[in-house]
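Undergrad: compute the structure for the input listed below.
(4 chains)
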2 protein chains.
Amino acid sequence: MNDLPTRKTLPQLDESLLTHLPPFSKLERRQLRTILDQASSRRYEPGTAIFEEDAPAERFYLLLDGYVRVVRVTPTGEQVTALHIPAGQLMGFAKAIGRQTYPATAITATESIALSWPMRLWETFAAEYEGFSTETYKTVGTRLGEINNRVVEISTLQVEQRVASALLRLIHQTGRKVPDGIEIDFPITRQDLSEMTATTLHTVSRLLSAWEKKGMVESRRKRIKVLDPRALAAISEARIE
Amino acid sequence: MNDLPTRKTLPQLDESLLTHLPPFSKLERRQLRTILDQASSRRYEPGTAIFEEDAPAERFYLLLDGYVRVVRVTPTGEQVTALHIPAGQLMGFAKAIGRQTYPATAITATESIALSWPMRLWETFAAEYEGFSTETYKTVGTRLGEINNRVVEISTLQVEQRVASALLRLIHQTGRKVPDGIEIDFPITRQDLSEMTATTLHTVSRLLSAWEKKGMVESRRKRIKVLDPRALAAISEARIE
DNA sequence: GACCAAGTTTGCGCAAGCGCAATGTTCTGA
DNA sequence: TCAGAACATTGCGCTTGCGCAAACTTGGTC
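TA: Purely as a prediction, here's the structure:
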């Protein structure tokens, strides 16, 4: 689905949006001003594709608020979620890794706000803004490591270990402390979780129901709270005899 | 296992080793001379770890000759092969993606020769040599794409599809045309193939035996030749009804 | 408040493919 | 040339987890 070219929705973006983010943290206020003046800002509904796999990479993005799932779709229409991107991260910077098109589809998991810039500005930003490039490639390195972890997990772990591991990863990366546990800080269905763990929504449902009976998790529609992370860790790390 | 620091094994390396490789293709002879003068060259036996996961990333490497498997080992000792690296590619450049340690283990699949440089030279190379950085990040982008393909395959395909797909990828990337087909250009066991495809050596053996009976492949110890790539493609792309 | 779509639950049969075992073959090194 | 290790083959029972089905629950919209 093609979005209309994004346009400014705020009169002027404040520099404080960027100062604490690693790619921008070494810049002076007037540099941030210049960067923001060239940005488009846009709000996206949950479930929207910010950019799509194989589309020409015309813009790069900074997720200001919300969560995004990085997804590939197979020829038979199955969706596989490789990564989640939290607020504060750059994404869609295909040019940085020598590509002309986006390598995957970025779908919002929540209502989200993102800034974007035309891809032709990438090289300028990389050349002129101290730390911008270095921090971006750190992000690439982190994502490469995470996807490699995914390969290892899917190749070697049984399904309940994978689901437990995914829940732990989610609460670690995007969890919100609540009185009796840690809640995943965005809506997530059994289908969503199954797309991250190479299984089906029914298998995820059976596992979550069993774990709920044991008091390890608590869930409602699109809401999962982990009450006993150690028990899940024990499952995900168990060695099959 | 720690190798002794590598040392020069040839009097002087010839510039022609580099001129056709993308990271070095825009450089002048004297620049190549400078680069080679700072390189260590080393020959590795098959099955040797050039560098290991989580070891401090002290050197970066260029594979001059041979093939290398990029491997992760699980806590239970299972090996998972994420990628193969052919001759001509840079590897182990952890600094480029903001890391202090190697993200995986690089194991030679064949007798191999590699050049290496101390990691402290990375930034100099990136800053001073035109195209070096750009081409390196293109390699990163390609590898990211390939690993993402792995996640999708392992998540969604049945085992015979994955093995067929892996064989096609191997002959496409490292195949050598022979009279009646395409042979994988390095020794590869059923165990090796199973580590690439999230299965076991027995399952791979059964599949290869069945395909050999049908005239699709021909194999001996550590040698696999594909006689009918189209038949394998049909298997790997089959849609389950 | 009602309706309906989306999401969740649960049962059960079955298929995919693994584990285990045993045997056979081939290549390397002494 | 021989021994032994590494690699390959094959059978078969069993486990894992999926497919299919059906029903239930919940939340959003009108």
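Undergrad: where does A:Lys8 land on pLDDT?
TA: pLDDT for A:Lys8: 47.
Undergrad: for A:Thr74, what are its contacts?
TA: Residues near A:Thr74 by CB atoms under 8 Å, 6 or more residues apart in numbering or on different chains: A:Val80, B:Val152, B:Thr156. Where you see a C-beta, it was placed from the backbone N, CA and C, and this is true even at glycine.
Undergrad: any idea how far A:Asp14 lies from B:Ser40?
TA: 51 Å (CB to CB, to the nearest Å).
Undergrad: and the gap between A:Ala106 and chain B?
TA: To chain B, A:Ala106 is 13 Å away according to CB to the nearest CB, to the nearest Å.
Undergrad: helix/strand/coil for that residue?
TA: strand (DSSP: H, G, I helix; E, B strand; the rest coil).
Undergrad: beta partners for it?
TA: A:Phe51, A:Val70 (DSSP bridges).
Undergrad: next, count neighbours for it.
TA: Neighbours of A:Ala106 under the rule other CB atoms under 10 Å in any protein chain shown: 24.
Undergrad: that one is in contact with A:Val70, isn't it?
TA: Yes: the criterion here is CB atoms under 8 Å, and A:Ala106 meets it with A:Val70 at 5.8 Å.
Undergrad: got any residues that touch both of those two?
TA: Contacts common to A:Ala106 and A:Val70, judged by CB under 8 Å, 6+ apart, are A:Ile85, A:Met91.
Undergrad: so what's the nearest residue to A:Trp211 once chain neighbours are set aside up against?
TA: Distances taken as CB to CB, 6 or more residues apart in numbering or on different chains put A:Val217 closest to A:Trp211, at 4.7 Å, once the chain neighbours are dropped. In this structure, A:Val217 makes contact with A:Leu167, A:Leu208, A:Trp211, A:Ile224, A:Lys225, A:Val226, A:Leu227, A:Asp228, A:Leu232, judged by CB under 8 Å, 6+ apart.
Undergrad: now do A:Val217 against A:Arg176, distance only.
TA: The value you get for A:Val217 to A:Arg176, if CB to CB is used, is 15 Å.
Undergrad: what does A:Leu83 give?
TA: 20 Å.
Undergrad: so between those two, which is more surrounded?
TA: Between A:Leu83 and A:Arg176, counted using other CB under 10 Å, the more crowded position is A:Leu83 (21 against 12).
Undergrad: in chain A, which residue is most central in space?
TA: The residue lying closest to the centre of chain A (CA atoms, centre = their mean) is A:Ile85, at 1.7 Å.
Undergrad: that one bridge partners, please.
TA: Beta-bridge partners of A:Ile85, as defined by DSSP bridges: A:Val68.
Undergrad: pLDDT score assigned to it?
TA: 95.
Undergrad: chain A: strands as residue ranges?
TA: A:40-44, A:49-51, A:59-65, A:68-73, A:79-85, A:90-91, A:105-108, A:112-118, A:175-178, A:181-184, A:217-220, A:223-226 (DSSP state E).
Undergrad: tabulate the ones you listed (TSV), appending distance to DNA strand C.
TA: Compiled in TSV, the strands of chain A are given as follows (distance: least, CB to the nearest atom of the strand, whole Å):
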stretch	distance to DNA strand C
strand A:40-44	17
strand A:49-51	16
strand A:59-65	21
strand A:68-73	14
strand A:79-85	12
strand A:90-91	23
strand A:105-108	13
strand A:112-118	17
strand A:175-178	17
strand A:181-184	11
strand A:217-220	6
strand A:223-226	7
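Undergrad: got a markdown table for those strands, with distance to A:Leu32 too?
TA: As requested, the strands of chain A are exported to a markdown table (distance: least, CB to CB, whole Å):
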| stretch | distance to A:Leu32 |
| --- | --- |
| strand A:40-44 | 14 |
| strand A:49-51 | 23 |
| strand A:59-65 | 12 |
| strand A:68-73 | 23 |
| strand A:79-85 | 22 |
| strand A:90-91 | 15 |
| strand A:105-108 | 24 |
| strand A:112-118 | 12 |
| strand A:175-178 | 29 |
| strand A:181-184 | 32 |
| strand A:217-220 | 41 |
| strand A:223-226 | 36 |
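Undergrad: now do the contacts for the nearest residue to A:Ile171 once chain neighbours are set aside.
TA: Distances taken as CB to CB, 6+ apart place A:Ile182 nearest to A:Ile171, at 4.4 Å, with adjacent residues excluded. Residues in contact with A:Ile182 (CB under 8 Å, 6+ apart) are A:Ile171, A:Gly175, A:Arg176, A:Lys225, A:Val226, A:Pro229.
Undergrad: need the buried ones from these selected in PyMOL.
TA: Only the buried entries of the contacts of A:Ile182 go into this PyMOL selection, using 16 or more other CB atoms under 10 Å in any protein chain shown:
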select buried, chain A and resi 171+175+225+226+229
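Undergrad: poorly predicted segments of chain A, please.
TA: Applying pLDDT under 70 to chain A flags residues A:1-11, A:239-241.
Undergrad: show me which residues of it sit near DNA strand C.
TA: A:189-191, A:201-202, A:205-206, A:208-209, A:212, A:219, A:221-222, A:240 (CB under 7 Å from any atom of the strand).
Undergrad: how does it look with 10 Å?
TA: A:46-47, A:155-156, A:158, A:187-194, A:200-210, A:212-213, A:217-224, A:240-241 (CB under 10 Å from any atom of the strand).
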